[in-house]
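# I'd like to go over a predicted model; first the sequence, then the structure.
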Amino acid sequence: MDEADRSDSDGEEKIPVGISSCLLGEEVRYNGGHKLDRYIRQVLGQYFKFIPVCPEVAIGLGVPRPPIRLVGDPDAPRAVDVTDPDRDVTEDLAAHGRRMAGELSGISAYLFKSRSPSCGMERVKVYGDKGAPAGKGQGIYAREIMRANPLLPVEEEGRLNDPLLRDNFLLRVHVYDRWRRMIARGVTPGALVEFHSRNKFLILAHDQQRYRRLGRIVANAGGGDIEAVAADYISLLMEALRKPASRRNQANALMHLAGYFKKLLDSGDRQELADSIEAYRRGERPLLVPLTLLRHHLRRHPDAYVEAQRYLEPFPRELGGIDR
Ligand code: SF4
């Protein structure tokens, strides 16, 4: 990791991330247990500074406690005590969510416990009047956190087992954290141009259409209210990155990068690079193959612009990216 990285982003300072306490091993569940996730605590914990919250304990439900569940309309469910459905804690959980969204305005991501009526991000069971499952909804606390900051990268522990989803989450967290740090230093048109310039291939690999729109926003950054321009930019950027990159788009970004070496490589090396990108596009090689070749050529033919591209290492490899 270079010095520029240390000063402007990830470096020695850990990324602040909100998290459901039970995922760190805290014994806060209704039955006095926990839901420790070792990858989160041991691997992500080396780079993330976790801020644990158990909303059910925070609103005074205690440990142990009768479990709660979601009931009613899946789009606007209520959280009630399983043993005493008249005990409704929806408002308390929602109010705590709104309060914490304010207190945690400095976080760069949130990791939620799946399937929880409080912390579940999506697909939480909602029960109907007669006690049968009626659909799926969001945990009451999680919904408020996400509503308060729709740009915040959020994920659930279970989904991190999927390499594509994990890669996408890690990527968004790092991009968003670097953005927050840049904003904290005071955004200028020049800073925005530099930020965009370093993320160009990353964006291209995700969404070509939004890549062009982001380019237009940055090109006009000098002419308007820079804060408003920055708000438009980050909103579109996070939208672009939310979808995992397809092989087609990745291959397109790789081909663009390969273009920087066109005149520097002999025909054999050029062909080898083009073939490896094509083999990746067809699903016959992992991304690591053309990326390794590109990094190899970059070492032999240093180029400051290409070296600065986040695409080549969007987050530390130790975090277990898909095949970088
Ligand atoms: S899922 Fe949320 S509310 Fe339930 S124990 Fe974990 S942190 Fe507490």
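Structure's in. What do you need? These figures come from a predicted structure and were not determined experimentally.

# Enumerate every residue touching the residue in the stretch 201-324 of the chain that the ligand sits nearest to.
The stretch 201-324 of the chain approaches the ligand most closely through Leu319 (22.8 Å), counting by C-beta to the nearest ligand atom. C-betas here are computed from N, CA, C, even on glycine. Leu319 sits next to Val43, Leu44, Tyr47, Leu170 when contact means C-beta atoms under 8 Å, 6 or more residues apart in numbering.

# element containing Glu239?
helix 226-242 (DSSP states H and E).

# So for that helix, what gets flagged as buried?
Residues Ile226, Val229, Ala230, Tyr233, Ile234, Leu236, Leu237, Met238, Glu239, Ala240, Leu241 are the ones in helix 226-242 that count as buried (16 or more other C-beta atoms under 10 Å).

# The fourth one: what's it in contact with?
When you say that, I think you mean Tyr233. Going by C-beta under 8 Å, 6+ apart, Tyr233 touches Leu192, His196, Leu214, Ile217, Val218.

# State the phi and psi torsions of Asn149.
phi -140, psi 90 (degrees, to the nearest 10).

# tally of neighbours for it?
14 (other C-beta atoms under 10 Å).

# Not including adjacent chain positions, what is the nearest residue to Leu294?
Using C-beta to C-beta, 6 or more residues apart in numbering and skipping the chain neighbours, the partner closest in space to Leu294 is Leu257 (5.8 Å).

# typed the wrong thing, it's Phe201
Tyr311 is the one closest to Phe201 (C-beta to C-beta, 6+ apart), at 3.7 Å.

# What of Ser116?
Using C-beta to C-beta, 6+ apart and skipping residues adjacent in sequence, the residue nearest Ser116 is Gly139, 5.2 Å away.

# now swap in Gly97 and tell me
Using C-beta to C-beta, 6+ apart, the closest residue to Gly97 is Glu144 (2.7 Å).

# I'd say the one you found and Ala101 touch.
Yes: using C-beta atoms under 8 Å, Glu144 is in contact with Ala101, at 6.0 Å.

# No more questions from me, cheers.
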